[in-house]
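Colleague: what's the 3D shape of this:
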Amino acid sequence: MNTVGFIGGGALAESIIRGICGKVFAPNNIFVSEIRTERCEELKKLYGVNASTDINFLDKIDLLIVAVKPKDAEKTFAALQGKIPASTIITYTVAGLKLTSVEKFFPENKIARIMPNVAVSVGESMTAYTLNKNAAQVGTTIKNFWSTLGRAVEVEEKLMDAVTGLSGSGPAYAFLMIDALSDGGVAAGLSRAMAIELAAQTLLGAAKMVLAGEHPDVLRDKVTSPAGTTIEGVRVLERGAVRSSLIEAVLAATEKSKLL
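Modeller: Model prediction:
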């Protein structure tokens with residue numbers, strides 16, 4: 001792929017642009033269509049990309065990323081119908097929108113439903129994707145693209161709501177935990193800045209250890225000495241049903257995604 005285009009120039013689109021601009025695609029090979037003129041100017045100034053209020057670039061791109069709000073999805077795809085070459089890969093990040101709803105507009109195209117998360121802004125997104133039948137042959141291309149922005153995994157479409165509830169909404173759960181841990185650090189005497197840094201790096205390090213291959217239960221046992229400080233903290237967390245609350249948060253977010 002040599003060129004990429006975006007429909008929608010909001011926060012998610014900008015995060016993706018930041019991750020790929022000058023690394024995966026040259027700025028002049030990135031095209032953005034955004035209805036707000038001032039936003040177009042901002043994106044051009046920040047990244048040097050092609051940004052405008054029209055969609056006259058559709059015949060120039062290899063990959064299209066549609067990043068609009070769910071309420072705008074239907075009219076957006078209707079406006080694009082008949083204007084995208086069959087060779088263009090269409091991807092979209094609209095929560096809750098099934099592939100069949102997009103395929104009716106573009107029956108000949110390769111289409112992928114994508115669920116990244118906010119960490120795409122720092123190149124650490126956990127992105128899940130599902131492909132329509134036409135896109136099966138470009139699955140590796142799609143995975144490689146999103147892997148430049150973190151990690152990417154293919155899932156069955158029926159699991160995309162669960163992905164939304166876990167990794168899509170998951171950064172918010174992590175932010176909540178970092179904030180709470182830093183409150184604890186401040187209560188124990190640390191400065192706010194130091195407490196936030198300690199909490200954030202601690203979660204980052206723990207996550208990297210899990211991704212290195214060991215099960216979180218095994219790792220937890222390794223740092224939980226008999227009658228030590230850590231088991232005292234774990235005991236309080238269990239008494240407060242933190243584990244159960246996180247499970248229920250994922251399930252609640254999953255159910256909400258199904259309703260979108």
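Colleague: Tell me who's in contact with the residue in the chain sticking out farthest from the centre.
Modeller: Within the chain, Ala227 marks the point farthest from the mean C-alpha position, 40.0 Å out by C-alpha atoms, centre = their mean. Contacts for Ala227 (C-beta atoms under 8 Å, 6 or more residues apart in numbering) come out as none. All C-beta atoms are positioned from the backbone trio N, CA, C, and that covers glycine.
Colleague: do the same with Ser167
Modeller: For Ser167, the contact set (C-beta under 8 Å, 6+ apart) comprises Met115, Asn117, Met126, Ala128.
Colleague: and what of Ser87?
Modeller: Ser87 is in contact with Asp62, counting by C-beta under 8 Å, 6+ apart.
Colleague: likewise Ala135?
Modeller: If you count contacts by C-beta under 8 Å, 6+ apart, Ala135 has them with Ile89, Lys110, Ile111, Ala112, Ile142.
Colleague: picking up where we left off before, export the contacts of Ser167 to CSV and tack on secondary structure, distance to Leu219 and pLDDT?
Modeller: Listed next are the contacts of Ser167 as CSV, based on DSSP: H, G, I helix; E, B strand; the rest coil; distance: C-beta to C-beta, whole Å; pLDDT from 0 to 100:
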residue, secondary structure, distance to Leu219, pLDDT
Met115, strand, 27, 95
Asn117, coil, 23, 93
Met126, strand, 19, 97
Ala128, strand, 24, 97
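Colleague: are any of those buried, and which?
Modeller: Buried members of the contacts of Ser167, scored by 16 or more other C-beta atoms under 10 Å, are Met115, Asn117, Met126, Ala128.
Colleague: ok, the first one touching Ala152?
Modeller: No: in this structure Met115 lies outside contact range of Ala152 using C-beta atoms under 8 Å: 10.2 Å.
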